[in-house]
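1. Pasting the sequence and the predicted coordinates here, then a few questions.
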Amino acid sequence: MINELSPAEARVWRAYARGDSLDFRTAEDEDASLGDDWGPERSVRATVLRRLLVEAPQEQGEIAALVITGARVIGVLDLKHATIDVAVRLSHCRFDAVPDLYGAQLRELDLSGSVLPGLTAPSVRVAGVLRMTGCRLRGPVRLAGAEISGALHMERAQFTAADGAEPVLQLNQAAIGADLWAPQMRADGQVRLTGASVAGRINLQDADFNSPGGTALDAQNLNVGAHVRARRMRARGRIELRGSHITTRLDLLQADLSHPGDTALRASSCLIGELWLGGGGRVQGAVNLRRSQIEILSLEPDVLPDQVLLSNLRYTVLTPHEPAERRLPMLERDGGPYEPHLYEQLTAAYRHVGDDDAARLVQLAKQRRRRSTLPWYGRMWGHVQDAAVGYGFRPLRAAGWLLSLLAFGSIAYGVHHPDPVKAGEAPGFNAVFYTLDLLLPVISFGQETAFAPDGWYQWLSYALVIAGWVLATTILTGVTRTVSRS
């Protein structure tokens with residue numbers, strides 16, 4: 001076999017058995033994308049590499065490994081269903097054809113800095129680490145169902161596909177035993193992580209996802225054992241996280257999310273320890289958090305879009321602490337029918353931090369929103385309660401009404417005393433206590449029954465009695481509601 005090899009291939013063959021590394025580069029900063037111009041002095045046939053890995057020539061006392069830097073790999077590296085028990089490191093290489101690793105079992109695979117027309121490796125098993133740091137892939141990367149015991153590194157990797165018919169990176173149903181490390185990754189096309197499981201962290205800081213008008217990151221039912229760090233992530237297209245479980249934190253601080261006219265972030269039916277969204281520009285597109293459970297929800301009002309879907313969202317803590325007037329607009333952006341749960345959840349969050357004034361404002365807004373769903377007579381009665389005592393959440397307003405009516409009645413009846421019902425038996429007339437008798441339905445000072453006004457003063461007395469009952473009923477309703485919430 002050695003006699004059939006080119007000089008470059010012979011060097012690779014000899015180095016493999018001893019685990020020696022070969023570097024064909026002429027400079028450390030050499031661009032592998034220019035590998036089409038590399039000649040036979042640094043070209044290796046894929047069939048030679050396959051035979052090396054499958055036959056695995058060994059030297060006594062040595063640990064074999066395939067460690068090549070800066071080579072051109074000619075032909076298809078076909079390792080389907082192969083079991084490779086040595087480390088494979090093909091960094092800064094130029095692949096002419098798409099490697100086929102379907103169902104292969106590898107100890108370690110390192111493609112850092114290489115340029116490939118794609119990668120076919122569904123159901124691949126890697127006992128150690130899979131490195132694709134700085135890779136440039138011009139076609140689909142198929143890693144569906146992959147099992148990687150260690151970490152998956154894709155820092156600064158670039159994924160593109162000419163036709164866009166399928167996702168540029170497919171990690172659906174993949175199982176990663178450590179971290180998925182991909183800061184500054186760029187994907188021009190959809191990235192699919194549906195059903196994937198990552199035991200450690202996912203780092204997407206400064207990553208760039210571009211799929212305008214479609215789904216940029218499809219990570220439905222993703223399971224993450226630690227946190228997802230996506231600070232300053234840029235996404236053109238939908239971020240889909242429906243049904244995902246992120247144990248500690250989803251960090252989207254300073255993220256730039258844009259999918260105008262559709263949903264920019266869908267994290268519905270999720271279980272998340274903490275969700276951080278803020279510090280950047282306003283989200284362009286809807287944010288959907290329906291049916292999710294989040295322990296700490298950090299939402300800055302200024303980044304929220306015109307549509308925020310929060311139906312059945314459950315959270316314990318809402319940060320940063322903002323006045324109720326700043327938080328209430330997001331409850332109006334759901335676009336659906338009136339849902340009391342939204343207001344109760346926000347009320348509970350304010351009570352959790354001891355801000356009872358804000359909690360009362362939220363409850364008042366809830367009653368006003370509910371009023372719009374009532375028939376005309378219910379809305380009319382609601383307006384009366386709102387104007388009178390703010391549905392019981394503005395008790396001082398009732399005192400103001402009572403004092404105003406008391407002053408008006410006292411002046412009116414002080415100018416024109418009502419005639420006694422029974423002359424000679426009536427007590428001395430007192431305009432203030434007579435007005436109080438009319439206003440307070442459960443208290444009697446003996447004035448109302450002893451005197452009978454006439455003309456428009458009689459109509460005034462009727463109005464004061466009705467006003468007293470309205471105020472008493474609304475105050476009682478408000479007190480009952482407050483007690484029931486305490």
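-> Perfect, thanks for sending it. Residues are numbered from 1 along each chain as shown.
2. Buried residues of stretch 407-422, list them for me.
-> Across stretch 407-422, burial judged by 16 or more other C-beta atoms under 10 Å covers 409-410, 412-413, 418. Where you see a C-beta, it was placed from the backbone N, CA and C, and this is true even at glycine.
3. Please export the alpha-carbon coordinates of that stretch; CSV is fine.
-> Written as CSV, here are the backbone C-alpha positions of stretch 407-422 (Å, rounded to 0.1, in the frame of the first residue of the first chain):
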residue,chain,number,x,y,z
ALA,A,407,-71.6,70.1,52.5
PHE,A,408,-74.1,70.6,49.7
GLY,A,409,-77.0,69.1,51.6
SER,A,410,-76.1,71.0,54.8
ILE,A,411,-76.1,74.3,52.9
ALA,A,412,-79.3,73.6,51.0
TYR,A,413,-81.3,72.5,54.1
GLY,A,414,-79.7,75.1,56.2
VAL,A,415,-81.1,77.8,53.9
HIS,A,416,-84.6,76.1,53.8
HIS,A,417,-85.5,74.0,56.8
PRO,A,418,-87.9,71.1,56.0
ASP,A,419,-91.2,71.2,57.9
PRO,A,420,-91.6,68.9,60.9
VAL,A,421,-93.8,65.8,60.4
LYS,A,422,-95.5,66.5,63.7
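4. What are the contacting residues of that stretch?
-> With contact meaning C-beta atoms under 8 Å, 6 or more residues apart in numbering, stretch 407-422 is reached by 426, 429, 431-432, 434-435, 438-439, 449-454, 457, 460, 464.
5. Could you write me a PyMOL select line covering just the buried ones among those?
-> Selection of buried members from the contacts of stretch 407-422 for PyMOL, criterion 16+ other C-beta under 10 Å:
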select buried, resi 426+429+431+432+434+435+438+439+450+451+453+457+460+464
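6. Keep only those of the contacts of stretch 407-422 that are in strands.
-> 451-452 (DSSP state E).
7. now, which of the contacts of stretch 407-422 lie within helices?
-> Among the contacts of stretch 407-422, the members falling in helices (DSSP state H) are 431-432, 434-435, 438-439, 457, 460, 464.
8. This protein: helices as residue ranges?
-> Per DSSP H, the chain carries helices over the ranges 7-18, 46-55, 324-331, 340-352, 356-371, 376-389, 395-415, 431-439, 456-485.
9. quick revisit: need the buried residues of stretch 407-422 in a markdown table with distance to D100 and pLDDT, can you?
-> Listed next are these as a markdown table, based on distance: C-beta to C-beta, whole Å; pLDDT from 0 to 100:
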| residue | distance to D100 | pLDDT |
| --- | --- | --- |
| G409 | 94 | 77 |
| S410 | 96 | 79 |
| A412 | 97 | 82 |
| Y413 | 100 | 77 |
| P418 | 104 | 82 |
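10. Near L271, how many other residues are there?
-> Using other C-beta atoms under 10 Å, L271 is surrounded by 14 other residues.
11. residues in contact with it?
-> Going by C-beta under 8 Å, 6+ apart, L271 touches 244-246, 292-293.
12. L253 too?
-> Counted by C-beta under 8 Å, 6+ apart, L253 has contacts 231-232, 276-280.
13. Nearest spatial neighbour of it, chain-adjacent residues omitted?
-> Using C-beta to C-beta, 6 or more residues apart in numbering and skipping the chain neighbours, the partner closest in space to L253 is G279 (4.5 Å).
14. Could you tell me how many residues sit around that neighbour?
-> Using other C-beta under 10 Å, G279 has 15 other residues around it.
15. how much space is there between it and V303?
-> 8 Å (C-beta to C-beta, to the nearest Å).
16. coming back round to it: which ones among the contacts of L271 are found in strands?
-> Residues of the contacts of L271 located in strands (DSSP E): 245-246, 293.
17. can you map out the strands along the stretch 1-150 of the chain?
-> For the stretch 1-150 of the chain, the strands defined by DSSP state E, counting those that start in this stretch cover 21-23, 43-45, 65-69, 72-74, 83-91, 94-95, 105-110, 115-116, 119-120, 125-126, 130-131, 136-137, 141-142, 147-148.
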